[in-house]
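Enquirer: generate coordinates for the sequence data below:
(one chain, ligands or ions: 1)
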Amino acid sequence: MPKAVRYDRFGGIDVLHVAEVERPAPQDGQVLVRVKAAGINPSEAVIRTGALAEMFPSTFPSGQGSDLAGIVEEVAAGVGGYRPGDEVIGFSNERAAQAELVLVEAGDLTRKPAEVSWEVAGGLYVAGVTAWGAVHSVRPAEGETVVVSGAAGGVGSLAVQLARRTGATVIGLAGTGNHDWLRGHGVIPVAYGDGVADRIRAAAPGGVDAFVDTYGDGYVELALGLGVAPERIDIIADFAAAATYGVKTDGGTAAGPGAAVLAELAGLIADGRLEVPVAKVYPLEQVREAYAELERRHTHGKIVLRP
Ligand SMILES: NC(=O)c1ccc[n+]([C@@H]2O[C@H](COP(=O)([O-])OP(=O)(O)OC[C@H]3O[C@@H](n4cnc5c(N)ncnc54)[C@H](OP(=O)(O)O)[C@@H]3O)[C@@H](O)[C@H]2O)c1
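Expert: Numbers count the residues shown, from 1 in each chain. The predicted model follows:
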């Protein structure tokens with residue numbers, strides 16, 4: 001029987017386990033994918049604790065995960081465009097991606113270019129469409145300066161590169177261990193912590209035009225203090241600050257059709273114009289260890305599970 005990540009009640013990392021489940025059968029419009037890699041994301045850990053139970057209700061046993069890449073195993077009758085053996089990137093809206101076999105709506109898949117590794121493809125969806133949506137939301141332009149917090153994380157590492165592609169100057173807030181990586185991608189690194197506002201002002205003598213906050217914890221106030229207009233600040237984590245200050249909350253929802261954005265990002269990766277750093281790859285059985293590392297909140301790029 002195929003294996004899948006499961007949890008049977010809200011809780012900490014210890015509720016996660018890998019179970020043997022029924023082989024899923026594709027219904028109308030669905031494709032069964034044999035997963036080669038599945039990324040993990042902080043929101044999954046929050047949902048698992050039950051803290052967002054009103055916004056994102058759960059039923060048990062619950063599966064987990066949105067991001068996936070794999071090989072088409074079976075296609076429902078009437079679904080065109082895919083055949084068994086095709087290599088695909090996609091996402092599950094059913095919290096089911098962290099498994100050996102996953103049912104995916106055909107419209108939520110795109111082809112995986114051969115140049116894109118399984119690990120990169122499997123970790124692309126949530127971070128990729130969120131970075132895409134957040135950067136488009138603040139509309140950086142040539143001659144402008146945009147600051148990205150959490151600049152080396154899953155979303156931030158892609159947001160800084162997509163922002164640079166607009167021609168804007170990009171300042172990335174990150175721990176010093178990530179500064180060389182940021183410089184290597186044309187981003188001005190600035191350390192977070194005490195004095196960060198002064199360091200940003202020194203790095204941006206002409207002022208800051210836009211701010212993408214992927215971390216939370218006071219960065220909205222920092223951005224406003226730097227003179228950034230609320231409509232050019234986008235947050236993806238600190239929704240309380242967004243409600244208080246009227247800044248934007250565009251993440252994946254602003255990115256448009258997920259598969260189309262995935263295809264665009266995969267093309268950039270295949271051409272060597274976008275890098276998805278893969279921090280670590282864990283076997284599916286080590287799902288607890290993977291989330292323990294993610295929840296330390298210092299991941300550079302993506303953590304990915306390999307079934
Ligand atoms: N709304 C949406 O659509 C959406 C979608 C995806 C994610 N999210 C949310 O966005 C957030 C980021 O997600 P992610 O996947 O990018 O997480 P992640 O990969 O875990 O990001 C961790 C990053 O946070 C940085 N960091 C740690 N302490 C910091 C501090 N005090 N100031 C600034 N940065 C700090 C780390 O930087 P260093 O390692 O350099 O210290 C690391 O690069 C999460 O809260 C997630 O739930 C929302």
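
Enquirer: by mean pLDDT, flag the weakest helix or strand of the protein.
Expert: Sorting the helices and strands of the chain by mean pLDDT, DSSP states H and E puts helix 239-245 at the bottom, at a mean of 94.

Enquirer: check which residues of that one are buried.
Expert: 241-242 (16 or more other CB atoms under 10 Å). Heads up, the C-betas are built off the backbone N, CA and C, glycines and all.

Enquirer: centroid residue for the chain?
Expert: Among the residues of the chain, the one closest to the centroid is residue 127, at 1.5 Å (CA atoms, centre = their mean).

Enquirer: over to that one: give its phi and psi.
Expert: phi -60, psi -40 (degrees, to the nearest 10).

Enquirer: got a pLDDT number for the closest residue to it other than its chain neighbours?
Expert: Nearest residue to residue 127, sequence neighbours excluded (CB to CB, 6 or more residues apart in numbering): residue 154, at 4.0 Å. We have a pLDDT of 98 for residue 154.

Enquirer: what do you get for residue 251?
Expert: Taking residue 251 on its own, its pLDDT is 86.

Enquirer: is it true that it touches residue 236?
Expert: Yes. Contact criterion CB atoms under 8 Å: residue 251 and residue 236 qualify, at 4.2 Å.

Enquirer: residues contacting the residue nearest to the centre of the chain?
Expert: Applying CB atoms under 8 Å, 6 or more residues apart in numbering, we find residue 127 in contact with 39, 41, 67, 154-155, 157-158, 276, 302.

Enquirer: which one (most neighbours) among these?
Expert: Compared across these, residue 39 has the highest neighbour count, 33 neighbours, by other CB atoms under 10 Å.

Enquirer: quick one: stretch 189-196 to chain centroid distance?
Expert: From the chain centre to the centre of stretch 189-196 is a distance of 24 Å (CA atoms, centre = their mean, to the nearest Å).

Enquirer: stretch 116-130 too?
Expert: Computed by CA atoms, centre = their mean, the chain-centroid distance of stretch 116-130 equals 7 Å.

Enquirer: end to end on that stretch, go ahead and measure it.
Expert: 19 Å (CA to CA, to the nearest Å).

Enquirer: what do you get for stretch 268-288?
Expert: 32 Å.

Enquirer: then stretch 74-92?
Expert: By CA to CA, the extent of stretch 74-92 from end to end equals 16 Å.

Enquirer: quick check: buried residues in that stretch?
Expert: So for stretch 74-92, counting by 16+ other CB under 10 Å, buried means 74-76, 79, 82, 86-92.

Enquirer: swap in stretch 92-110?
Expert: 92, 95-106, 108-110.

Enquirer: which members of those residues occur in strands, if any?
Expert: If you go by DSSP state E, the buried residues of stretch 92-110 have 101-105, 109-110 in strands.

Enquirer: can you redo those as a markdown table with distance to residue 136 and pLDDT?
Expert: Putting these into a markdown table (distance: CB to CB, whole Å; pLDDT from 0 to 100) gives the following:
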| residue | distance to residue 136 | pLDDT |
| --- | --- | --- |
| 101 | 34 | 98 |
| 102 | 28 | 98 |
| 103 | 30 | 98 |
| 104 | 25 | 98 |
| 105 | 24 | 97 |
| 109 | 22 | 98 |
| 110 | 19 | 98 |
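
Enquirer: returning to what we had before: helix or strand right after the least confident helix or strand of the chain?
Expert: Next helix or strand after helix 239-245 toward the C-terminus (DSSP states H and E): helix 258-270.
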